[in-house]
Structure formats: structure tokens, C-alpha cells
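Colleague: With the sequence up front, the predicted model follows.
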Amino acid sequence: MSKKLLPIMATKSAKDLVGDSKALVAASDVVTGSAIAESYNDQIRPLLDAVDRLRHLKVTQEGIQLPTIVVVGDQSSGKSSVLESLAGISLPRGQGICTRVPLVMRLQDDPSADSPKLQLEHSNGRVVTTSEAKVADAINAATAEIAGSGKGISDAPITLVVRKRGVPDLTIVDLPGITRVPVQGQPDDIYDQIAKIIKEYIAPKESIILNVLSATVDFPTCESIRMSQQVDRTGERTLAVVTKADKAPEGLLEKVTMDDVNIGLGYVCVRNRIGEETYDQARVEEERLFKYHPLLSKIDKSMVGIPVLAQRLMQIQATIIAKCLPDIVKQINDRLSRHSSELDQMPPDLNNVADAVRAFFHIVKQVCASLEKVLVRGEFDEFPDDRHFHGTARIAEKMDGYKRRLPAECPKSSDDDAMFLMEEVRVLEETKGINLPNFLLRSAFLVLLKKKVETVMHVPHELVNEVWGYVEDVVMNILLKHSENFPQVQPSCRRAVQTLMDKARARSAQHVKELIEMELVSDYTANPDYMRTWTEIMEGHDSFMEAVEDGSKPARITLEGFGEVDVSHLRAHAGLAGQAFDLRARLTAYWRSIVLRLVDGLALHVLRGVKRLVEHDLEAELADELLGNKMAGVERMLAPSPSTGAKRERLKKSIVLLRQSKEVVANIMDRISAAGEV
Ligand SMILES: Nc1nc2c(ncn2[C@@H]2O[C@H](COP(=O)(O)OP(=O)(O)OP(=O)(O)O)[C@@H](O)[C@H]2O)c(=O)[nH]1
């Protein structure tokens with residue numbers, strides 16, 4: 001294998017490897033492994049070590065998937081036997097469910113090892129040294145520790161490291177066999193439990209599925225085929241191992257050449273150890289079987305035997321690792337920088353009251369700066385897509401609505417449409433005294449003015465309530481957001497905001513009350529629009545009086561400011577009609593000034609109120625609430641919040657793990673690029 005192999009492999013798909021592997025097998029019919037093994041030691045071993053170290057570091061807990069060969073198969077299909085054959089050691093084997101937890105098997109060729117060295121690593125990190133004779137018992141004991149001594153299963157893996165001369169360098173995960181019907185002692189949902197574990201392992205695109213099929217069964221009926229097809233429809237990352245070739249040789253050639261079940265990486269038929277055979281005997285028997293059996297000998301030599309399987313798995317493994325590594329490096333770096341910046345953004349550890357006060361003012365500063373942008377300056381960079389927080393625009397909308405709710409024209413009484421000016425006539429009748437008949441009574445004007453103003457006085461009250469309701473919501477949200485790391489002081493913050501808003505509402509209610517009262521105290525405006533409008537309307541006075549006083553003239557006339565009106569009913573009140581007309585003219589002209597004052601006055605009041613709240617009152621109120629009473633509020637900030645503490649610990653742990661992982665992959669990437677340059 002050339003030293004440039006790794007970079008080339010990185011660009012190949014797993015499927016391409018079938019060809020590579022076939023070529024290798026053809027070149028060396030007897031797979032002694034010596035030259036190839038040397039190359040693996042140089043080139044592939046460091047990659048495998050790196051991935052194993054990442055697995056050991058539990059980088060998968062960070063959501064980073066590792067390239068893995070996963071063994072799946074129906075119950076008793078021969079999964080453990082295949083692994084035994086590859087490793088040349090005994091594993092728990094037999095009828096019924098044997099593999100009850102994922103078993104990560106790390107096989108390492110160690111030419112210097114006189115005898116095999118075996119280590120079993122529990123999921124809690126405990127490492128037990130064992131021997132070939134005792135490994136089955138050790139695995140059973142470790143399984144019982146994790147999944148209980150019954151027939152239950154668990155997804156916590158155990159890792160078996162086998163260092164032995166001549167074993168292929170492989171890491172393979174053995175999973176519980178799929179069983180449809182629970183056997184005695186198994187939970188009812190055993191199928192679902194096993195299916196969940198299997199899917200978890202075979203779903204990532206980084207996993208190669210080693211599907212173990214017994215030659216004695218019809219492949220399309222295998223549950224393991226159904227499951228792997230769910231996650232690998234085209235079969236491009238599935239390799240099939242057909243066991244028990246010795247038991248069902250009839251039709252096997254057709255089965256593996258027809259490929260009814262879409263196995264993209266091809267088939268390897270094997271015969272495992274039977275009974276008390278040694279592994280060496282088993283290999284001799286297997287070779288003899290595929291060489292001389294009348295049916296099995298017809299199967300292509302690149303598709304039979306454990307050595308071929310070992311060779312192909314090593315090839316596939318090298319490719320998938322080289323292919324996945326760059327992405328793993330990227331994922332590690334991305335997560336590392338994300339978690340580091342998340343940790344940076346977390347509040348610093350607070351050790352004393354001074355720290356807490358500093359943290360408190362930092363929050364207040366952030367909140368006020370945010371609110372000033374949103375509510376005063378109209379800058380929304382913090383909430384580009386959330387319209388609710390585009391404060392100046394929302395307040396302007398409320399002001400527009402308020403303006404629309406205030407009638408632009410002086411409100412008429414309910415019967416005024418039918419009886420033009422009768423409201424004025426009645427007021428004049430009630431306010432008349434002993435005085436000159438053409439003397440316009442100011443008291444009549446004020447009575448009418450009061451009636452008109454009273455019809456709209458609820459509108460400004462509604463506006464200030466709406467505005468403060470909205471502002472309260474925005475302030476509360478922004479404050480809670482900036483103080484989220486100190487949930488223990490959030491109730492005080494809420495209280496401060498509510499107190500503040502109550503004060504703001506009370507001030508506004510008082511302001512509106514005064515605005516209304518001012519309108520009722522007197523009739524005054526310096527607005528030139530008043531005199532202009534009044535004069536325009538009064539230009540119709542003479543024609544109006546003519547229509548009222550001269551019964552021969554039409555009673556319907558069109559007047560500037562009032563449109564077409566009927567004056568026939570006023571003929572009975574001819575003495576007051578002129579004054580009534582004048583009253584209406586003044587009220588109509590004056591109303592525009594009132595509306596302008598109510599709108600402008602209140603808009604400026606609201607804007608000032610918001611500015612005052614953001615620039616001064618909020619800080620003062622929060623300080624009162626949290627720094628008052630001998631700093632009781634800020635002292636609460638010193639008590640660690642359980643969620644913050646847990647988050648900080650989680651982030652720190654994951655950063656340590658990711659840094660270690662980064663180091664592992666950095667070393668290996670250096671080697672790969674150095675190999676590429678040779
Ligand atoms: N004749 C013959 N028997 C085999 C072969 N492979 C496996 N067996 C037997 O089939 C039975 C089941 O094999 P296991 O390796 O335990 O199967 P498994 O899939 O690991 O079983 P579970 O973990 O329980 O799902 C055992 O009795 C093996 O000896 C083979 O190639 N030929």
C-alpha cells in the first residue's frame with residue numbers, strides 16, 4: 001500500500017472499496033497479512049488509535065459521530081461467532097440472547113505478543129485485565145453489572161481490547177440480536193428496546209453495517225435486513241456476512257449472487273468454529289469447505305472465508321475513517337468555539353457583595369442600553385425579526401390609533417342629525433337671563449364645550465394604559481433576558497418594574513386628568529386656525545337666517561362647514577337661531593384646537609415618560625429594590641443558581657473533552673498531511 005493511500009482513500013466511497021479489496025485478495029490468494037499488516041501498522045493503526053481514543057473520550061456524547069463498524073443480525077444468526085472468528089477468542093455464545101449490551105471490540109495485531117492480552121473496559125471506566133479462557137465469563141459479569149443478571153438489555157457499552165498476534169486491526173461494535181418474541185425473563189418490549197439501540201448505532205452515516213445473516217434463512221425475511229434498509233436504503237454502507245454456510249450450502253451461490261436484499265458492499269460467506277474446534281482448526285475446515293465442497297467451491301474466492309472478511313473490513317474501516325476525519329475535526333472545532341463563547345457569556349463567579357453589586361450594575365447598564373435603543377432611538381439590531389420589540393414603531397402606531405379615535409370634527413349630539421342646532425337652542429334656553437337678546441352667552445358655550453369634551457375624555461386614558469402596558473412588557477422581557485443568569489433576583493426585578501409602572505401609570509392618569517380639566521376651565525387658543533374657520537362658517541350666517549326667518553324660502557340650504565341642513569324646525573325658535581348658529585361655529589372652529597392639544601400634549605408626555613423611565617427611573621427603582629435593605633437583594637445573587645452552576649460545569653467538562661479530542665485529531669491530521677507530501 002502506497003504511502004499516499006490515505007489521502008486517496010479519503011475521497012473514495014465505502015462501495016469503491018469492494019473493488020480495492022477484491023484486487024488485494026486476488027493478488028494474494030492466501031491472506032497471510034504480513035506485507036499488508038506492516039502497511040496497516042504504519043498507516044492505519046494511528047488512525048484507528050485516534051478514533052478509539054475519541055471513542056474512549058466519549059466524544060459521541062457531544063453529538064459527534066465516529067466511523068464505526070456495527071454488527072447487526074437476528075438472534076443466533078452468528079454475530080458473536082463471527083467476532084470470535086475474527087479475534088480468535090471465545091465470546092459468550094449459544095442459543096437465546098447472549099449479547100445484551102453493545103460490545104465494542106478493539107482488535108489489535110501485536111506481533112510481539114507471545115500470548116493474547118485482553119482488557120475489558122466497563123462503561124464506568126473501570127478496566128479489568130482478563131485472559132482468553134476467562135473473557136467469556138468477564139463479559140458476562142460486566143454485562144450483568146450493566147443490564148442485570150436476567151435477560152434485560154442496556155445501551156451502555158463495554159469495550160474489549162484484544163492484543164494478539166495475527167488479528168486484524170479492527171474496531172467493531174457487537175449489538176444484541178434482534179428478537180421478535182420475548183423469551184422467558186425478557187421484558188415484553190424487548191424488541192423495541194433492541195431496535196432502539198440498533199438504530200442508534202446504525203443510523204449515523206458514519207456507521208458501516210455488518211449484517212450477519214445465517215445461510216439457513218431466507219434473507220428477505222431477516223429482521224436485521226429490514227432494519228438496515230430503513231437507515232441505508234441503497235445498501236451503500238452495508239456488508240453482509242453469511243454464516244453457517246456449512247449447514248445450508250444448497251442455493252447459497254444463487255442467494256449471494258442474486259442479491260435480493262440490496263447489499264451494496266457485497267457478501268462474504270463464512271463457516272465459524274463448531275463445537276470444541278480450535279480457531280486454527282476452524283480456519284483449516286473453512287478453507288477446505290470452500291475449496292472442495294461441490295456447491296460452495298463455486299462461490300468466488302473473493303467472497304468466502306474469515307480472512308477475506310477481515311481484509312475487507314480493514315479496508316472499509318480505513319476508508320471510512322479517512323473520509324470522516326476532516327468532518328470530525330470541523331465538528332470538534334465548531335463545538336469547542338461555541339461552548340467556549342457560551343461559557344464566556346456566563347456570569348462570572350461572584351465571591352462577595354462587591355462582585356454582586358458590580359454584576360448588578362452590569363445588568364442594569366445592559367438593560368438600559370437595550371431599552372434606550374428599542375424605546376427611544378428606534379434601533380433594532382438586537383431584535384431584527386421580532387416586531388414586538390421595535391418599540392418606537394409600536395408606540396407610534398398606538399399614537400396613530402389614538403388620533404383616529406379622537407373625532408376630528410366636534411361630536412354631535414345623538415338627535416342633531418335630525419334637528420340641526422337644536423342642542424344649542426336648548427342650552428341657550430336654559431342659560432338665558434335678563435339681558436340683551438343678541439348678547440352671546442359665554443356660559444352657554446362652556447356648557448356645550450364641557451359636554452363635548454366629556455364624550456372623548458376616556459380616549460386619552462385608554463392610550464396611556466395601552467402605552468404603559470406595552471412598555472411594561474418590553475421592559476420586563478428585556479430585564480428578564482439580561483438577568484437570566486440570576487434567577488434568584490428575578491422576582492425582585494419584576495417587583496421593581498411593576499412598582500415603576502404603577503408610578504408611571506399614576507403620573508399619566510394625573511396628566512390626562514389635568515389635560516381634560518384645563519380644557520374645561522376656559523376657552524382659549526392662540527391658534528390662528530380658530531378665527532379663520534369661524535369666519536368661514538359665519539359667512540353662511542346671513543343665508544342661514546334668511547332661510548329660518550323667511551318661510552317662503554326653501555328650508556334646506558347648504559352651509560360652509562355643515563353641508564346640507566334642514567332649518568324648518570328652527571323657524572319656531574327664530575329668536576335664538578342666530579346665537580345657536582354662532583355657538584356651533586365657535587365650537588366647530590375651537591374643537592380642532594382641542595384635539596391638537598390632546599394629541600400633541602399627550603404624545604410629548606408619553607415620550608418624556610418613556611425617556612425618563614429608561615434614562616433614570618428604572619435604574620433608581622432597581623437599585624432601591626436590590627441595594628436597599630442592607631443589600632439583601634444583591635446578596636441573593638451570591639447564592640449559586642443550581643441551573644447556572646450545572647450549566648457551567650457541563651460546559652467546562654465538554655470543553656475539556658473537546659480540547660483533548662482536538663489534540664487527538666490534530667496529531668493524526670498532521671500525520672495524514674505529512675504522508676500526503678511524501
Ligand atoms: N454450523 C455452524 N454453526 C454456527 C456458525 N456460526 C454460528 N454457529 C452457531 O450458531 C449459534 C448462534 O451463534 P452466536 O454466535 O451465539 O449467535 P449470535 O447472533 O451472537 O447470538 P445472540 O447474541 O444470542 O443473538 C451457536 O450455537 C453457534 O455455534 C457456523 O458458521 N456454522
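Modeller: In hand now; what should we look at? Residues are numbered from 1 along each chain as shown.

Colleague: Name the residue of the stretch 51-200 of the chain that lies nearest to the ligand.
Modeller: Gly177 (2.2 Å; CB to the nearest ligand atom). Every C-beta, even on glycine, is put in place using the N, C-alpha and C of the backbone.

Colleague: isn't that residue right next to Val71, touching?
Modeller: No - Gly177 is not in contact with Val71 according to CB atoms under 8 Å; the separation is 9.7 Å.

Colleague: out of the two, which sits in the busier spot?
Modeller: Higher neighbour count among Gly177 and Val71: Val71, with 28 against 25, using other CB atoms under 10 Å.

Colleague: Contacts for the helix or strand hosting that one next, please.
Modeller: Assigned by DSSP states H and E, Val71 falls within strand 68-73. With contacts defined as CB atoms under 8 Å, 6 or more residues apart in numbering, strand 68-73 is touched by 79, 82-83, 170-175, 177-178, 198, 201-202, 204, 206-214, 222, 224, 227-228, 313, 316-317.

Colleague: In strands, which of these appear?
Modeller: 170-174, 207-214 (DSSP state E).

Colleague: Dump those residues to JSON lines, plus pLDDT, neighbour count and distance to the ligand.
Modeller: Below are the ones in strands among the contacts of strand 68-73 laid out as JSON lines (pLDDT from 0 to 100; neighbours: other CB atoms under 10 Å; distance: CB to the nearest ligand atom, whole Å):
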{"residue": "Leu170", "pLDDT": "88", "neighbour count": "23", "distance to the ligand": "17"}
{"residue": "Thr171", "pLDDT": "89", "neighbour count": "23", "distance to the ligand": "18"}
{"residue": "Ile172", "pLDDT": "92", "neighbour count": "23", "distance to the ligand": "12"}
{"residue": "Val173", "pLDDT": "91", "neighbour count": "22", "distance to the ligand": "13"}
{"residue": "Asp174", "pLDDT": "88", "neighbour count": "26", "distance to the ligand": "7"}
{"residue": "Ser207", "pLDDT": "93", "neighbour count": "24", "distance to the ligand": "18"}
{"residue": "Ile208", "pLDDT": "95", "neighbour count": "24", "distance to the ligand": "18"}
{"residue": "Ile209", "pLDDT": "96", "neighbour count": "27", "distance to the ligand": "15"}
{"residue": "Leu210", "pLDDT": "96", "neighbour count": "29", "distance to the ligand": "12"}
{"residue": "Asn211", "pLDDT": "96", "neighbour count": "30", "distance to the ligand": "11"}
{"residue": "Val212", "pLDDT": "95", "neighbour count": "25", "distance to the ligand": "6"}
{"residue": "Leu213", "pLDDT": "95", "neighbour count": "27", "distance to the ligand": "10"}
{"residue": "Ser214", "pLDDT": "95", "neighbour count": "19", "distance to the ligand": "8"}
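
Colleague: so which of these comes closest to Phe486?
Modeller: Using CB to CB, Ser207 is the member of the ones in strands among the contacts of strand 68-73 that sits closest to Phe486, with 43.4 Å.

Colleague: Enumerate every residue touching that closest one.
Modeller: Taking CB under 8 Å, 6+ apart as the test, what Ser207 contacts is Gln65, Pro67, Thr68, Ile69, Val70, Tyr201, Arg237.

Colleague: and those residues as TSV, adding distance to Ala646?
Modeller: Formatted as TSV, these follow (distance: CB to CB, whole Å):
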residue	distance to Ala646
Gln65	26
Pro67	32
Thr68	30
Ile69	36
Val70	33
Tyr201	29
Arg237	38
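
Colleague: Mind putting these into a markdown table with pLDDT?
Modeller: Output for these, formatted as a markdown table (pLDDT from 0 to 100):
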| residue | pLDDT |
| --- | --- |
| Gln65 | 88 |
| Pro67 | 91 |
| Thr68 | 89 |
| Ile69 | 94 |
| Val70 | 94 |
| Tyr201 | 92 |
| Arg237 | 94 |
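
Colleague: Considering those residues, which possesses the most neighbours?
Modeller: Pro67 (27 neighbours).

Colleague: ok, now how distant is that one from Thr171?
Modeller: Counting by CB to CB, to the nearest Å, the separation of Pro67 from Thr171 is 9 Å.

Colleague: low-confidence ranges in this structure?
Modeller: Applying pLDDT under 70 to the chain picks out residues 1-43, 92-98, 180-185, 414-418, 434, 436-440, 640-641, 672, 675-678.

Colleague: related to what we said a few turns ago, name the residues contacting each of Gly177 and Val71.
Modeller: The contact lists of Gly177 and Val71 share Lys79, where a contact means CB under 8 Å, 6+ apart.

Colleague: pretty sure Arg494 is in contact with Met476, am I right?
Modeller: Yes - Arg494 lies in contact with Met476 (CB under 8 Å); the separation is 6.8 Å.

Colleague: Please point out which parts of whatever helix or strand Glu397 lives in sit buried.
Modeller: Using DSSP H and E, Glu397 sits within helix 391-405. For helix 391-405, burial by neighbour count (16 or more other CB atoms under 10 Å) applies to Gly391, Thr392, Arg394, Ile395, Lys398, Met399, Tyr402, Lys403.

Colleague: Quick check: nearest residue in space to the third one, chain neighbours excluded?
Modeller: Nearest non-adjacent residue to Arg394, counting by CB to CB, 6 or more residues apart in numbering: Tyr470, 6.1 Å away.

Colleague: The last one now?
Modeller: In space, not counting the residues next to it along the chain, Lys403 is nearest to Val599; the distance is 5.3 Å by CB to CB, 6+ apart.

Colleague: nearest residue to Gln498 other than its sequence neighbours?
Modeller: Using CB to CB, 6+ apart, the closest residue to Gln498 is Glu472 (7.7 Å).

Colleague: which residues does the one you found contact?
Modeller: Val497, Gln498, Met501.

Colleague: Of these, select the buried ones using a PyMOL command.
Modeller: Entered in PyMOL, the line below selects the buried ones among those, by 16+ other CB under 10 Å:
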select buried, resi 497+501
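
Colleague: Secondary structure and distance to Lys611 added to the contacts of Glu472, as JSON lines?
Modeller: Formatted as JSON lines, those follow (DSSP: H, G, I helix; E, B strand; the rest coil; distance: CB to CB, whole Å):
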{"residue": "Val497", "secondary structure": "helix", "distance to Lys611": "17"}
{"residue": "Gln498", "secondary structure": "helix", "distance to Lys611": "20"}
{"residue": "Met501", "secondary structure": "helix", "distance to Lys611": "15"}
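
Colleague: can you give me the strands in this protein?
Modeller: 68-73, 103-109, 117-121, 127-130, 158-164, 170-174, 207-214, 238-243, 267-269, 556-559, 563-566.

Colleague: quick one, domains of this protein?
Modeller: 5-337+661-677, 353-639 (automatic domain parsing).

Colleague: so which of these is the most packed in?
Modeller: Compared across those, domain 5-337+661-677 shows the largest average neighbour count, a mean of 18 (mean count of other CB atoms under 10 Å).

Colleague: how far does that domain sit from the chain's center?
Modeller: Here domain 5-337+661-677 is found 35 Å from its chain centre; the criterion is CA atoms, centre = their mean, to the nearest Å.

Colleague: likewise stretch 336-353?
Modeller: Using CA atoms, centre = their mean, the offset of stretch 336-353 from its chain centre is 21 Å.

Colleague: I would like the residues contacting that stretch, please.
Modeller: By CB under 8 Å, 6+ apart, stretch 336-353 touches 355-356, 359, 485-486, 631, 634-635, 637-638, 644, 647-648, 651-652, 654-655, 658-659, 662.

Colleague: now, which of these lie within helices?
Modeller: 355-356, 359, 631, 634-635, 637-638, 644, 647-648, 651-652, 654-655, 658-659, 662 (DSSP state H).

Colleague: what about the residue nearest to Gln498, distance to Leu479?
Modeller: Applying CB to CB to Glu472 and Leu479 gives a distance of 10 Å.

Colleague: Can you check which residues contact both of these two?
Modeller: Counting by CB under 8 Å, 6+ apart, the residues touching both Glu472 and Leu479 are Val497.

Colleague: And the helices in the stretch 151-300 of the chain?
Modeller: Residue ranges of the helices in the stretch 151-300 of the chain, as given by DSSP state H, counting those that start in this stretch, are 190-202, 223-231, 252-258, 279-292.

Colleague: Fine by me, thanks again.
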